[in-house]
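> Coordinates for the following, if possible.
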Amino acid sequence: MATLTLGAADLVRRRGLRRMRTVALSLLVLAAIIYVATLHRGGGWAYLNAASEAAMVGALADWFAVTALFRHPLGLPIPHTAIVPTRKDSLAESLEQFVTENFLSEDVVAEKMRTAQVSRRVGEWLADGNHAERIVAEGARTVGAALPRLGDEDVAAFVRGSLLPRFVKEPLSPIAGHFVQSVVEDGAHHALFDLLMVEAYDWLADNRELLADVVGPRAPRWSPQWVDRLVIDRIHREALAWLGDVRDNQSHPARKAVDRLLGQLADDLQHDPEMMERFEAWKARMLTHPDMGNSLTAVWDAMRTALIGSINDPTSTLRVRGVKVLHDLGHRLQEDEALRGKVDARAAEAVGYVVRTYGTEIVSVISDTIERWDGREAAARIELHVGRDLQFIRINGTVVGALVGLAIHTLSQLL
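Below you'll find the model as predicted:
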């Protein structure tokens with residue numbers, strides 16, 4: 001056997017191979033002893049002699065067959081022996097083709113993914129024990145180690161050298177228009193508008209004097225002050241009443257006017273050349289402003305500092321929320337059959353794509369690895385894995401040969 005670097009598992013395999021070789025050889029020796037002991041004896045000994053003779057023939061024939069796979073029997077260069085060392089490359093190509101056609105085909109892998117219930121198993125794993133906590137902790141450790149390595153200079157260079165110039169060149173007007181259109185169609189801006197109305201009403205209710213300071217100087221000089229106060233009070237009441245009506249009435253004309261304004265803006269950003277040009281010019285002025293890079297870098301630095309603090313604190317809202325999200329996902333994957341179906345279908349599509357796109361490269365590892373092996377090394381490695389089972393061929397050959405020899409001798413005597 002070629003010299004190999006053997007791991008613990010290979011050492012166990014080698015001991016098993018040697019043990020089975022000893023068993024097979026012992027049966028051959030036993031058959032030879034019985035043959036010599038019963039030679040030229042009559043009566044019932046003749047049957048035993050015939051059986052032992054046939055057992056030796058079967059044992060030697062199967063020894064030759066098994067040995068010929070890995071080396072030349074007795075070192076003799078007999079044709080069609082040492083098959084693995086001399087034909088390892090063609091065997092590797094055949095094995096690669098077999099695996100590709102029968103195991104790593106897109107249909108087989110995708111069907112296996114669909115029936116393996118991967119999503120249910122993932123859900124059970126996430127919902128069980130502290131697995132979600134472990135995932136969040138490992139993710140936090142990884143992110144916590146990576147974030148400090150992103151220095152301000154690197155981020156600033158990326159923002160100024162790549163990010164901002166790319167956005168300046170990229171037409172963003174259609175994207176912004178589509179975004180505004182989606183917001184209007186979904187009514188996502190209503191909550192923000194409600195908040196603005198609530199805050200405007202409360203601010204105006206608490207700042208009557210500020211309104212008086214703004215409106216008072218614009219009153220006519222000949223107007224008495226008590227008249228000015230009456231006018232200001234009336235303006236204040238009417239403004240509060242209008243804001244309260246807009247705040248409380250979801251069908252108020254002002255709300256519909258805002259919807260129409262945003263809808264028209266979304267359409268103009270996507271189809272009106274003049275509006276699109278104005279938006280792109282405004283975007284370019286904003287992004288090319290000298291302070292824009294510094295501002296984005298400062299925002300990034302603040303976000304990074306806050307993020308590092310959150311992920312390093314096991315009790316932070318971010319980590320607690322992450323654990324809860326994973327727990328909830330685990331329970332949903334167990335209980336929501338529709339969600340499981342979607343996840344399994346997407347997983348099958350993803351694996352199918354990988355197999356379809358990279359399957360050839362994946363399977364080529366087999367032939368590439370075996371081709372790098374020396375012929376004797378390849379034979380030694382393969383024999384370690386299958387040699388023990390092949391010794392059963394020798395054992396069976398000895399036993400079957402003895403039974404066949406006994407049957408033939410018995411039939412000969414009867415005839």
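> pLDDT score assigned to the nearest residue to Arg229 once chain neighbours are set aside?
Nearest non-adjacent residue to Arg229, counting by C-beta to C-beta, 6 or more residues apart in numbering: Ala212, 7.7 Å away. Placement of C-beta: from N, CA and C, glycine included. Here, the pLDDT recorded for Ala212 equals 75.
> Mind telling me what element Ala212 is part of?
According to DSSP states H and E, Ala212 maps onto helix 208-215.
> So what's the gap between the helix or strand just after that helix and the chain middle?
Per DSSP H and E, the first helix or strand lying C-terminal to helix 208-215 is helix 225-248. Distance, stretch centre to chain centre, for helix 225-248: 61 Å (C-alpha atoms, centre = their mean, to the nearest Å).
> what helix or strand is the residue lying closest to His385 once chain neighbours are set aside on?
Among residues not flanking His385 along the chain, Arg13 sits closest, at 6.5 Å (C-beta to C-beta, 6+ apart). According to DSSP H and E, Arg13 maps onto helix 8-38.
> Please name every helix or strand in contact with that helix.
The contact analysis (3 or more C-beta pairs under 8 Å, 6 or more residues apart in numbering; DSSP states H and E) places helix 8-38 against helix 44-70, helix 375-414.
> Leu104 is nearest to which of those helices?
helix 375-414 (20.3 Å; C-beta to C-beta).
> Does that closest one pack against any helices or strands, and if so which?
For helix 375-414, the packing partners by 3+ C-beta pairs under 8 Å, 6+ apart come out as helix 8-38, helix 44-70, helix 83-86, helix 88-102.
> Give me whichever of those is most buried.
helix 44-70 (a mean of 19; mean count of other C-beta atoms under 10 Å).
> For that helix, what is the distance to the chain centroid?
Its chain's C-alpha centre lies 55 Å from the corresponding centre of helix 44-70 when counted by C-alpha atoms, centre = their mean.
> Stretch 274-286 now?
Distance of stretch 274-286 from the chain centroid (C-alpha atoms, centre = their mean) equals 41 Å.
> quick revisit: hang on, the residue nearest to His385 packs against Ile382?
No - counting by C-beta atoms under 8 Å, Arg13 stays clear of Ile382, with 11.1 Å between them.
> Could you name the helices and strands sitting against the helix holding Ala212?
Secondary-structure packing of helix 208-215 (3+ C-beta pairs under 8 Å, 6+ apart): helix 225-248.
> could I have the helix it packs on exported to CSV, CA atoms only?
Once non-C-alpha atoms are left out, helix 225-248 reads as follows in CSV (Å, rounded to 0.1, in the frame of the first residue of the first chain):
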residue,chain,number,x,y,z
GLN,A,225,-55.0,98.0,19.2
TRP,A,226,-58.2,96.5,20.5
VAL,A,227,-59.4,95.9,16.9
ASP,A,228,-56.0,94.3,16.1
ARG,A,229,-56.4,92.0,19.1
LEU,A,230,-59.9,91.0,17.9
VAL,A,231,-58.6,90.3,14.4
ILE,A,232,-55.7,88.3,15.7
ASP,A,233,-58.0,86.3,18.0
ARG,A,234,-60.3,85.6,15.1
ILE,A,235,-57.4,84.5,12.9
HIS,A,236,-56.1,82.3,15.6
ARG,A,237,-59.5,80.6,16.2
GLU,A,238,-60.2,80.1,12.5
ALA,A,239,-56.7,78.7,11.9
LEU,A,240,-57.2,76.3,14.9
ALA,A,241,-60.6,75.3,13.7
TRP,A,242,-59.3,74.6,10.2
LEU,A,243,-56.3,72.6,11.4
GLY,A,244,-58.6,70.6,13.8
ASP,A,245,-61.0,69.9,11.0
VAL,A,246,-58.2,68.7,8.7
ARG,A,247,-56.8,66.6,11.5
ASP,A,248,-60.1,64.9,12.4
